[in-house]
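> Whatever this is, show me its structure:
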Amino acid sequence: MLHRDQPGPNGSDDGELTVPMAWLYAEYIADELLRTGDLMPPTSFEFRAGRDALALTIFLSDTDGELPGIRVVTQLETWLSLTAYDQPWQDWVGERMAQLAARVAQSGMDSPDLRLAEDAWQWLEETELLAPDLNAVPGGGAVAGTGEDEGPKVWTPAWQLGLPLGHLAIHLF
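Numbers count the residues shown, from 1 in each chain. Okay, the predicted model is just below:
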């Protein structure tokens with residue numbers, strides 16, 4: 001999703017604003033999928049993790065460099081397979097980001113879309129959220145209560161929490 005804008009006649013920026021439409025569109029689709037699924041409050045960090053993980057999936061799966069537009073529904077199966085539990089999503093994102101960065105560097109052009117994707121990826125990797133420990137051994141110890149917010153919790157990288165939320169939101173769509 002490289003920008004096709006050309007620099008000015010002397011090689012400098014001609015002063016026009018380049019809008020990161022590809023990233024913003026991917027983020028919009030992800031936001032709508034999560035809101036439709038009604039899985040988390042839109043103001044929560046968990047929602048942001050899901051939105052960013054889905055937006056990265058949508059943005060990086062667009063290999064043609066075109067916005068999917070009306071083809072969104074036809075892409076749902078692809079996004080489901082990329083976000084599935086048994087897929088190496090983190091490795092896939094790293095590889096696709098490196099490929100896109102190489103293409104941008106080779107073109108000599110700036111890509112605000114790539115910068116926003118890199119920011120989202122950095123946040124997803126570096127931010128940890130307190131989440132239920134899904135790997136806890138059932139019956140492994142006494143839990144002091146039975147409420148939804150009770151039970152073992154663990155600090156989890158945001159992408160590990162956001163990815164299943166995004167996957168579930170696609171299913172619910």
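
> which stretches of this structure form helices?
Taking DSSP state H as the criterion, the chain contains helices spanning 21-37, 45-61, 72-83, 89-107, 112-126, 158-172.

> quick one: A49 from E125, how far?
11 Å (C-beta to C-beta, to the nearest Å). All C-beta atoms are positioned from the backbone trio N, CA, C, and that covers glycine.

> Give me the common contacts of those two.
Counting by C-beta atoms under 8 Å, 6 or more residues apart in numbering, the shared contacts of A49 and E125 are A158, W159.

> Nearest spatial neighbour of the residue nearest to the spatial centre of the chain, chain-adjacent residues omitted?
For the chain, the residue sitting closest to the mean C-alpha position, by C-alpha atoms, centre = their mean, is A53 at 2.2 Å. Counting by C-beta to C-beta, 6 or more residues apart in numbering, the nearest residue to A53 once its immediate chain neighbours are dropped is G162, at 3.7 Å.

> List the buried residues in stretch 23-41.
In terms of neighbour count (16 or more other C-beta atoms under 10 Å), stretch 23-41 has its buried residues at 23-27, 29-31, 33-34, 37, 39-40.

> my bad, stretch 38-58
Of the residues in stretch 38-58, those with enough neighbours to count as buried (16+ other C-beta under 10 Å) are 39-40, 46-58.

> what do you get for stretch 81-98?
Neighbour-count burial for stretch 81-98 flags L82, T83, W89, W92, V93, R96, M97 (criterion: 16+ other C-beta under 10 Å).

> The second one against A169, yeah?
When you say that, I think you mean T83. No - checked against C-beta atoms under 8 Å, the pair T83 and A169 is beyond contact range at 9.4 Å.
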